[in-house]
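> Compute the structure for the input listed below.
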Amino acid sequence: MENTGQNNSNTAFGDKISDTSSVPNPNTNEAGFQSANLNKKKDELFFSGNIGDDVSSYLNQVGGKASQFVEENPARPPETKTILKQSIVRTLKSDTEEAIKLERISLANIMLAEQKKKQKYPQIEQFADSQKSKKGLFLALSLFFVFAGIGAFYFNILKEKIATVPEKAPEITALIPSDHTTEFNLNASNGKELSASLSKIIIETETKPNSIENIYIFKNITSSEKGKELKKAATSEEFLSLVAIKAPGALIRSLKSEYMLGVRSSDGNHPFIILKTKSYENAFAGMLAWEKSIGKDLEQLFSVSGEIANRFEDILVKNKDARALRNFDGKIILVYSIPDKETILIATDTETLAELFDRVIRSRMVR
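Numbering: from 1, shown residues only. Here you go, the predicted structure:
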């Protein structure tokens, strides 16, 4: 009977133990409430007298551990856990936002500080800027005066050099190669005496045999250098208007300014004239028209002797066409030719005309 009661008591203990196994986990939110129920049931078992010493000792140990766990791990209110989770989730986002806010605040503080600095010291900055402007203006003015002085210096030197360079007299050139040159001042005689004066030079010129003398006719002009007089060659129009007053105007207008009056020395002095033309057709027509008076116009200049027949004829000189004027004795006293489209040759004999042909060709080769 005693064993049965003991078994019953054990069974009741087992049931009680089973009941204790249903105690909730102390980690849950109702840990404190369950611990209080456990202590209450323990007391009931003790006072009933149905448990042994070993079971009582075990219950004491279980109740102690439950109480210790409750004391060491008090339950947190639900609100605290929620707040903790929210704070952890917001940490990454909030850090970024706080950094941006701090950066903006820092930039704003820097700009504000700079603005205050400018407002505090405006006169110093303005003074510095004005000083820089004054220095730049002074430097620019200094450079201007330096370069102006250099320019004025070199301008005066150049002006002095130009003033000291004398004007050169025109170089005497001849249309064909010549062996000597005789100058004749056109201002020294008037129109009526010009032909006689030139004729005297032609007759009295002493040159080597088979040589050519160039008679350079010039006039004096006043230069810009202290009223100094210079020589200027007379033009073909000026020359013909004085020695051949009946030369056709069409012929004179067709001529270039260059010309040559010369003498060939061979068994006496033989005068000649070289003219350069701008228009072959006008020059040829003008020479044909001049045939009527050319003998009389050049009679004094060329010292033509004998009575002039006043009739030209065609001849050949070194296989070139020419027109010749004879006197009543049949002697050629004047001959002219146009060997090319820009040259007119006038002479007193065919030998001189032939020499002129050769020299004209040589002058072309030289040019």
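
> Now residue 325: closest residue in space that isn't a chain neighbour?
Nearest-residue entry for residue 325: residue 334, 4.1 Å, with adjacent residues in sequence omitted and distances by Cβ to Cβ, 6 or more residues apart in numbering. The way it works is simple: take the backbone N, C-alpha and C, and place the C-beta from them, glycine included.

> Figure out the helix or strand that the one you found lives in.
Taking DSSP states H and E as the criterion, residue 334 maps to strand 332-340.

> can you check residue 314 too?
strand 308-317.

> next structured bit after that strand?
For strand 308-317, the succeeding helix or strand toward the C-terminus, using DSSP H and E, is strand 320-327.

> Could you list the buried residues of that next one?
By neighbour count with 16 or more other Cβ atoms under 10 Å, strand 320-327 contains the buried residues 322, 323, 324, 325, 326, 327.

> Please name the bridge partners of residue 335.
On DSSP bridges, the residues paired with residue 335 through beta bridges are residue 324, residue 347.

> So it sits against residue 351, correct?
No - contact criterion Cβ atoms under 8 Å: residue 335 and residue 351 do not qualify, at 10.1 Å.

> Going along the chain, name the helices of this structure.
Defined through DSSP state H, the helices belonging to the chain, from first to last, are 2-21, 31-48, 53-72, 78-120, 122-164, 191-204, 236-243, 249-253, 280-290, 294-297, 299-302, 350-366.

> Could you pull up the contacting residues of residue 193?
If a contact means Cβ atoms under 8 Å, 6 or more residues apart in numbering, then residue 193 has no contacts.

> Give me the distance between it and residue 301.
Using Cβ to Cβ, to the nearest Å, we find residue 193 at a distance of 12 Å from residue 301.

> Ok, residue 144 next?
Counting by Cβ to Cβ - residue 144 and residue 301 are separated by 68 Å.

> what pLDDT, on average, does the strand holding residue 334 get?
What strand 332-340 shows for mean pLDDT is 95.

> before we move on, what about stretch 195-215?
The average pLDDT for stretch 195-215 rounds to 90.

> how about the CA coordinates for that stretch, as CSV?
Output for stretch 195-215, consisting of C-alpha atoms alone and laid out as CSV, is shown next (Å, rounded to 0.1, in the frame of the first residue of the first chain):
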residue,chain,number,x,y,z
SER,A,195,70.7,124.0,-135.8
ALA,A,196,73.7,126.2,-136.6
SER,A,197,75.2,125.4,-133.2
LEU,A,198,74.7,121.7,-133.5
SER,A,199,76.0,121.8,-137.1
LYS,A,200,79.2,123.4,-135.8
ILE,A,201,79.7,120.6,-133.3
ILE,A,202,79.2,118.0,-136.0
ILE,A,203,81.7,119.5,-138.3
GLU,A,204,84.3,120.3,-135.7
THR,A,205,84.1,117.0,-133.7
GLU,A,206,87.4,115.1,-133.9
THR,A,207,87.0,111.4,-133.5
LYS,A,208,88.9,108.3,-134.4
PRO,A,209,88.2,106.7,-137.8
ASN,A,210,85.1,104.4,-137.9
SER,A,211,84.0,105.6,-134.5
ILE,A,212,80.7,107.0,-133.2
GLU,A,213,80.2,110.3,-131.4
ASN,A,214,77.1,110.8,-129.2
ILE,A,215,75.9,114.4,-129.0
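
> tell me which residues in it are buried?
Judged by neighbour count (16+ other Cβ under 10 Å), stretch 195-215 contains these buried residues: 195, 197, 198, 199, 201, 202, 205, 207, 212, 213, 214, 215.

> Between residue 335 and residue 351, which has more neighbouring residues?
The residue with the greater number of neighbours, taking residue 335 and residue 351 and applying other Cβ atoms under 10 Å, is residue 335; the counts read 23 against 14.

> Which residues are in contact with that one?
Residues in contact with residue 335, defined by Cβ under 8 Å, 6+ apart, are 315, 317, 322, 323, 324, 325, 346, 347, 348, 349, 350, 353.

> any chance of the residues you listed in TSV, plus pLDDT?
Supplementary listing: the contacts of residue 335 in TSV, determined by pLDDT from 0 to 100:
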residue	pLDDT
315	97
317	96
322	97
323	97
324	97
325	96
346	97
347	97
348	95
349	96
350	96
353	97
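
> domain assignment for the chain?
For the chain, the structural domains run 2-72, 78-120, 180-366, going by automatic domain parsing.
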